[in-house]
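Enquirer: Got a sequence here, can you model it:
(3 chains)
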Amino acid sequence: MGQYVEFRGISKAFPGVQALRDVSFRIDGGRVTALVGENGAGKSTLLKILSGDLAPDEGVLIIDGAEKKFSHPNEAIKTGISVIYQERQLIPALSVMENIFLDDLPCNRVGILRVREIRRQAREIIESFGLRIDPDAPVARLPVAYQQMVEIMKAYRRDSRVIAFDEPTAPLTDAEIDILFKLIGRLRDEGKVVLYVSHRMAEIFRITDDIAVMKDGQLVETRETARTDERALISAMVGRDVGDTYAKLSRNDRIGDVLLEVNGLETEKVHNVSFTLRRGEVLGFAGLVGAGRTEVMRALFGVDDVIAGEIRLEGEPADFTSPRRAIDAGLALCPEDRKEQGLILPRSIAENISAPVLKKVSKGVFIDTDAERRLADASVEKYSIKTPTVSKITYELSGGNQQKVILARWTSEMMTTKVLILDEPTKGIDVGTKAEVYQMVCDYAKEGKGVIFISSELTEVLSLCDRIIVMRDGYVSGELTREEATEERVLALAMTDVGGES
Amino acid sequence: MERNIAARIFRRATLSRDFWLVIVLVAVIAVFTSINRLYMSFNNIKNIMFSVSVSGVMMVGIATLLISGNMDLSAGAVGCFATIVGALLMNAGVPWGLGVLATAAVGALCGFINVLMAYKLGIMPFIGTLGVSFVWQGLANQITHNAAVHIENESFWKLGAGKVFEIPMVFLYVVILCVLYGLLLKYTKLGRRVYICGGNRSAARLAGINNERVGAMMMINCSVLASLAGIILASRMHEITPTNLQTTSTMSAITAALLGGVAFMGGIGTMKGAFIGLLLLNAFKNGLDMLGMDAYWQIIANGLLLITAIIVDYVNQRSLSNRLKQKLND
Amino acid sequence: MKNGASRRDFFTSKTFSLMLIVAALMALFTALTKGAMVNPLNIRNIFKEMTIMSFLSVGAAVLMLSGDVDLSAGAIGSFAGCVLALALMESGLPAWICYILAMLTGTACGFVNAFLVNALHFQSFIATLCTSSVLGGVGFMLIGGQGLKVKGVALLNWLGDTKLLDGLLPVTIIISLVFIIVYGVILAKTRFGRSVYLCGGNRQAAYLSGLYPTKLSYILFMNSGFLASVSGCIYVSQVKTAYANSITSYQFTGLTASILGGVSFMGGAGGMSGCFLGMLVLSVFYNGVTTMGIDYNYRTIFNGVLLVLGLGLDAVNARRKTRRALRRSLAASPAPNGRED
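Expert: Predicted structure coming up:
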């Protein structure tokens, strides 16, 4: 029907990373286009450019033939672009109809709301969507799926021409997904441009007409859904040059007896997770964002509550109630979100590094600042942290160096680690340090320790790990040995159930 | 069919807090009346109305501010200082209308200073306003040398006197104010913006709302209303004493709002509920007075009431946020 | 002082500027009062003034470093003073037990605060405002508006009046200095002190590094209550009377002193040396103002102005830090990296 969105030559770089590289393709109205790619492919960056949250470094965004430059998300909304994010953008205290009209409440000249008008229009929209929701109901009391519907109705009321969904089905039941898909079908039939970002194969093949595949910041290809299948898709998403980084690694080849045993682990977010870790082994945890890998580690480390299941470290029960206990027993967890959960910004490098091992750098109750400084100096050297002194306050460091400080904390000499858990350790780190991290992992393994390596970078996981556990939606989806593993296999496990249907 | 049942359940659920508040209010009245029949005497009801009138004006400002997601602990001190300025002007011969205007202007200025602290400097509102409250209170004490300022302007007295069908005018002022602000919050675009800012800052930003502008308006509004509360007090008592309006008055206003369902974190609450909370608080205080309880029991009771109100608010917030939380795998 | 700062760093540090301010104030007021400021008796008054404030300030500083605030310290201290007076006059217990009783009371009040903040998830400012008003009421209930005179208690008189060094140095000043030094050492040099800074800097990160922020919060609130009660007891010992609101004004002076001294309101930064200098600045200032004969009310006004000033400086400083940190960490920020979808 003439509506379309075109990305032309879109590039976007962040310090250290080229998130998007010369992305060009066109999405037509009246069709549902899926945007797929593994973590790091650039999907969310592209969405942010579409929604006006980010401006591209190069390239243009064309909406219905006109070039658009957004300096604020509000401008994108006014142009008719709506993105339904995973986090709800609703106001809990207000009613459904008020949320639908959130940004543009019809009112008369004085500013008084035309309540009856709002209610009437809201009721129209709700009924036309075939739903049973009271427009006056406070949004907070609606079930989650219905809240999402309200978001969609909000986008619809704006007469949006472009509607993008970012992983919409995560919180929904099957019945609710049916309702959602009916809505999406309706949007498509009205000629709108619908973008559907997801990694769920079954849904992609059920609802979309076209698929755009991204990899490493570039558009690989676009195909019609009807003319392709899962295997071909996954192939398109992977397959890259591994390069030299891994060739020079001296890996460990002596794997000992069982060190860590997890059986039927059940928490609020993950279910029936079982795996073992042996001495000298590097165990990879792969999966897409939201798969539950971090949650498993948090349970092991004593942060999240364990509802059911058994954890054993060196044969002894190891259900820790706090990180302190876990650390003392020999676990170390370098968190994924190093800024929020790792960095103590107002304190110095040395103080950050020594945090888990305060007892070891103390003489009695007093801190041995010399010992602390030596510890920090060693770490600074090991990771090439750029700083004149270890007394520098960490907020003055660059981002990459900040990341290194946290890595240093969990791998310092004073830590008596048996099981080192690294959650996305190379995120935000330059290539040179990455190599050091890899070698450190191998060295740990050689010392007979166990390493759990969570990463979304498939090449990393494949090159470094002896075995790979793949998770999906809170469950273990499969386990592969180094020999068996290929990028396709891992991605397939991450996106579908074993067997293929998700 | 299903929708009507759902609608009815929703409606009852929405009303439930106000409903229970009224029940508690009735219970309190019943208890106190059973202890002393004079509690429900017309004289005593008038007393309650009088006390509602002063704290009510302040509460309207505070409740609106809380809903927008902000906080102001200096309201009482501002009211005190601003009213004293106005009183002194009136005693110096200025017509009372200008005197009231001057008070409101001082209030607005104080509110503006709060805005500067919060948005230009970035000081956390609760401690910033607490800090300035010392300045205003100190100035008030100093100017009056800790004594009352008697106001000789008789036409000014008329402001606080007068009744309509035996109901004191000042009480009606509060009722009208509550109704006005209630309508504003519920039925105007600005009112909605207040809820949106308080409820979800990022959604507000995306919707094109300027959080800081809304917040600034609410802060100044709160201070102006606080100063007008002082005017009402002064007009009734024919004088203004620095000890009559202080930070404790601010705490009472906050307690009333919280009891009435206004959330501490913002984005939730209605003026109707806050008004019931106000009635409840003042009925309770009056009852304690009537029982001959010493002043200190009142102070203790106020503190305990505030604690209770916050706990109830917290419990409410928890159940709300559990419902908003999606079962995302992140 | 900290972490091997060079000589040049010292002269640009906050500590030095504070020292300069103290010197400047002394000079200013000496001129204004025609020399009355530097009278040795007046100098002693400065320190006497500082004594009561000092415990509250230390308690406030330590708690602020961990990210919380106690606005009920004044009420707790006054209440503890009342308990002391009552115990001494009515209970017949030996004096030293009465003192301990008073301090236990303060600690218990601190526990209540900690409970409200940690178990019931109150924000610390509102929790302590509530307990402050409740305690104020209870204080009045026990003592009434007139205050309770304490007569004939040897220990009390000794504490309040004794001056060592031939009448020059009151015992209470010595106690205050001892506390400041001890807490300063604990903060700067011990494991416990370090955990205060770490928990205040980033509570979650501290927990994940094996510390216990909740336990710490309980300890520090109880400590704040304890220090407040020490302050209250010393007040009663000096003035020989307990009032229901004897030291509430000192609470905010103590808070202002810490903030002026560089203890960040957001937590995680600042030290006892700065706090001490802040106390000195304020004491000199108030003493000067009193010596000049200026009304008491101006104290409250000045306190408010100084508090807002200190908070403003602190906030602007914090903003500058976050802006720098944000700019730097954009280099490796998780979300825009494109890797996390």
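Enquirer: Show me the helices in the stretch 251-400 of chain A, by range?
Expert: All helices of the stretch 251-400 of chain A, identified by DSSP state H, counting those that start in this stretch, fall at A:293-300, A:323-329, A:338-341, A:349-354, A:369-383, A:399-410.
Enquirer: now the fourth one, how far from the chain's geometric center?
Expert: Distance of helix A:349-354 from the chain centroid (Cα atoms, centre = their mean, to the nearest Å) equals 28 Å.
Enquirer: Output it as PDB, nothing but the C-alphas.
Expert: Output of helix A:349-354 as PDB, limited to C-alpha atoms (Å, rounded to 0.1, in the frame of the first residue of the first chain):
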ATOM      1  CA  ILE A 349      41.400   0.600  42.000                       C
ATOM      2  CA  ALA A 350      43.100  -1.100  44.900                       C
ATOM      3  CA  GLU A 351      40.100  -1.000  47.100                       C
ATOM      4  CA  ASN A 352      37.900  -2.400  44.300                       C
ATOM      5  CA  ILE A 353      40.300  -5.300  43.600                       C
ATOM      6  CA  SER A 354      40.800  -6.300  47.300                       C
END
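Enquirer: pLDDT (mean, whole number) over it?
Expert: Average pLDDT, helix A:349-354: 95.
Enquirer: now the third one
Expert: Across helix A:338-341, pLDDT averages out at 83.
Enquirer: picking up where we left off before, so which of the helices of the stretch 251-400 of chain A is the most packed in?
Expert: Of all the helices of the stretch 251-400 of chain A, helix A:349-354 carries the top mean neighbour count, a mean of 27, counting by mean count of other Cβ atoms under 10 Å in any protein chain shown. Quick note: C-beta positions are derived from backbone N, CA and C, even for glycine.
Enquirer: Cross-check the contact I'm expecting between B:S55 and B:T255.
Expert: No. Using Cβ atoms under 8 Å, B:S55 makes no contact with B:T255, being 9.5 Å away.
Enquirer: Give me the common contacts of these two.
Expert: Between them, B:S55 and B:T255 share these contacting residues under Cβ atoms under 8 Å, 6 or more residues apart in numbering or on different chains: B:L281.
Enquirer: Now the closest residue to chain C within the stretch 301-450 of chain A: phi and psi?
Expert: Nearest residue of the stretch 301-450 of chain A to chain C: A:G428, at 2.9 Å (Cβ to the nearest Cβ). When quoted as degrees, to the nearest 10, the phi and psi of A:G428 stand at phi 80, psi 10.
Enquirer: how many neighbours does A:S391 have?
Expert: Neighbour count for A:S391, taken as other Cβ atoms under 10 Å in any protein chain shown: 17.
Enquirer: Show me the shaky parts of the chain.
Expert: This is for chain A. Applying pLDDT under 70 to chain A flags residues A:1-2, A:15-16, A:107-109, A:239-245, A:247, A:497-502.
Enquirer: Not quite, go with chain C.
Expert: C:1-12, C:166-168, C:323-341.
Enquirer: Quick test: name the residue nearest the centre of it.
Expert: In chain C, the residue lying closest to the centroid (Cα atoms, centre = their mean) is C:S57, at 1.2 Å.
Enquirer: buried sites along the helix or strand encompassing that one?
Expert: If you go by DSSP states H and E, C:S57 is part of helix C:40-65. Of the residues in helix C:40-65, C:42, C:44-65 count as buried by neighbour count, 16 or more other Cβ atoms under 10 Å in any protein chain shown.
Enquirer: ok, it near chain A or not?
Expert: No. Applying Cβ under 8 Å from any Cβ of the partner chain, one finds helix C:40-65 separated from chain A by no less than 9.8 Å.
Enquirer: which is the next helix or strand following that helix?
Expert: Next along the chain from helix C:40-65, counting by DSSP H and E, comes helix C:73-86.
Enquirer: Direction-wise, compare that following helix with helix C:40-65 and give the angle.
Expert: Angle, helix C:73-86 to helix C:40-65, by axes from the mean of the first three to the mean of the last three Cα atoms, to 10 degrees: 120 degrees.
Enquirer: Show me what helix C:73-86 packs onto, helices and strands only.
Expert: helix C:40-65, helix C:95-118, helix C:124-143, strand C:148-149, helix C:213-239, strand C:241-242, helix C:248-260 (3 or more Cβ pairs under 8 Å, 6 or more residues apart in numbering or on different chains; DSSP states H and E).
Enquirer: Would you reformat the ones you listed as JSON lines and include distance to B:L180?
Expert: Below are these laid out as JSON lines (distance: least, Cβ to Cβ, whole Å):
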{"stretch": "helix C:40-65", "distance to B:L180": "41"}
{"stretch": "helix C:95-118", "distance to B:L180": "36"}
{"stretch": "helix C:124-143", "distance to B:L180": "28"}
{"stretch": "strand C:148-149", "distance to B:L180": "50"}
{"stretch": "helix C:213-239", "distance to B:L180": "43"}
{"stretch": "strand C:241-242", "distance to B:L180": "48"}
{"stretch": "helix C:248-260", "distance to B:L180": "37"}
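Enquirer: can I assume the residue nearest to the centre of chain C is in contact with C:F252?
Expert: No. Here C:S57 does not reach C:F252: they are 10.3 Å apart, not a contact under Cβ under 8 Å.
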